[in-house]
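[1] dropping the sequence and predicted coords here.
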There are 2 protein chains.
Amino acid sequence: MKISAQEEYGLRCLVQLANLQPGESLTLPQIAEREGISTANAGKLMWLLNKAGFVHSTRGTKGGYFLARPASEVRLNEVIKVLDQDVLNKHCESYTGVLDSCVHNGDCGIRPVIVGLHEIVENALSQITLAQLVGTESSVDAMFHQIKGIHRTLEAQRI
Amino acid sequence: MKISAQEEYGLRCLVQLANLQPGESLTLPQIAEREGISTANAGKLMWLLNKAGFVHSTRGTKGGYFLARPASEVRLNEVIKVLDQDVLNKHCESYTGVLDSCVHNGDCGIRPVIVGLHEIVENALSQITLAQLVGTESSVDAMFHQIKGIHRTLEAQRI
DNA sequence: GCAAAACATTATTTTTTTGTCAAGATTGGT
DNA sequence: ACCAATCTTGACAAAAAAATAATGTTTTGC
């Protein structure tokens, strides 16, 4: 179970733009160099993010990329959704009524697990905005710490 | 972000064994047929699970696979860990001190996100046992429902 | 003891995912 | 107008993951 390379590096590139001052922008070579990936690869990621409306780009000599929306209004679950098909795969889409051809219709014991994980991850990511990832001091650690504490509580109650 | 095919089908095969009565076992062709995968593929999954000590197998005409431990003592995070390398990838292993070659050392804004998701998913899976997945009525839905409710509470508090 | 049924293990092929290349299009500066 | 820097986009190559094939080993029943 993992974050795909596209998801991870796409998100990293966005964070770079979130760290810019108003009016600044970054070129593809600049972005690529900082992430240790090729310019071509960065280009594809930025193209996805551009198409989805997260960034704007200008061509020409003084061109580059910059955020299309304030960092505080960009939630991570939306970003991830664009960089890959979905936050979690849903092999059992019949659970949500989309697909009926799954061999596990009827008695699929693990379907609730897959769907439940999907919603937990989506929920956690939806609570994080790009703005929380700028600079070195992030408020993300605190949030995850609190969520983990709650999980421990659940466990103690033997749900 | 997704569960790999190996993780999903391996877990499904285990659930099949968890649904057996004491003394019963299932052959590879039986397991494969119920999951809609090839016998060879099921064989590899069961080999992994066997090597990790989750199942036992007997050869010969009356052979087959059965659980090596009570279903109530098998937690899903352990199963997933065996079927893939880890519950979530850790591109930034320098965070835990394992790898220092990551280009993002020093100012990696998304590292807490990756590590935090890792722990959330691991934590959720550790609360589910194979026993909770037998039959049609599972207690997993209820657990996830409660966790999701807590996430909503967090959101309301604007963590 | 022999044959059939079943698991064990390694190698190969296929598919999917990632990453790269190259040609085109747009802008800014001179 | 031209050139250089930049983004855009489709085709292609490499790597990883998944699935299959093939060969070997063990056990049961006769």
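    Everything's here; your move.

[2] roughly how far apart are residue A:74 and DNA strand D?
    18 Å (CB to the nearest atom of the strand, to the nearest Å). (Glycine included, C-beta is placed from N, CA and C.)

[3] for that residue, what are its contacts?
    Going by CB atoms under 8 Å, 6 or more residues apart in numbering or on different chains, residue A:74 touches A:14, A:18, A:54, A:67, A:129-131.

[4] if we go to 10 Å?
    By CB atoms under 10 Å, 6 or more residues apart in numbering or on different chains, the contact set of residue A:74 is A:14, A:17-18, A:54-55, A:67-68, A:128-131, A:133.

[5] equivalent analysis for residue A:58, please.
    A:25, A:64-66.

[6] can I get those in a markdown table including pLDDT, neighbour count and secondary structure?
    Below are those laid out as a markdown table (pLDDT from 0 to 100; neighbours: other CB atoms under 10 Å in any protein chain shown; DSSP: H, G, I helix; E, B strand; the rest coil):
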| residue | pLDDT | neighbour count | secondary structure |
| --- | --- | --- | --- |
| A:25 | 96 | 17 | coil |
| A:64 | 95 | 21 | strand |
| A:65 | 97 | 25 | strand |
| A:66 | 97 | 16 | strand |
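
[7] farthest pair within those?
    The distance between the two most remote of the contacts of residue A:58 (CB to CB) is 6.7 Å, for A:64 and A:66.

[8] need the residues touching each of the two.
    Listed contacts common to residue A:64 and residue A:66 are A:17, A:20, A:24-26, A:55-58; contacts here mean CB under 10 Å, 6+ apart.

[9] let's see if you can find the most crowded of the residues you listed.
    residue A:17 (25 neighbours; other CB atoms under 10 Å in any protein chain shown).

[10] ok, now which ones touch that one?
    By CB under 10 Å, 6+ apart, the contact list for residue A:17 reads A:24-26, A:31, A:46, A:49, A:54-56, A:64-68, A:71, A:74, A:130, A:134.

[11] doesn't it lie inside a helix?
    Yes. Checked against DSSP: H, G, I helix; E, B strand; the rest coil, residue A:17 lies within a helix.

[12] and the closest residue to residue A:116 other than its chain neighbours, how many neighbours?
    Among residues not flanking residue A:116 along the chain, residue B:144 sits closest, at 3.3 Å (CB to CB, 6 or more residues apart in numbering or on different chains). Look at residue B:144: counted by other CB under 10 Å, it has 21 neighbours.

[13] repeat for residue A:142
    So residue A:142, with other CB under 10 Å, has 12 neighbours.

[14] again with residue A:61
    5.

[15] try residue A:5
    Using other CB under 10 Å, the number of residues around residue A:5 comes to 15.

[16] my guess is it contacts residue A:41, does it?
    Yes. Between residue A:5 and residue A:41 there is a contact at 9.1 Å, judged by CB atoms under 10 Å.
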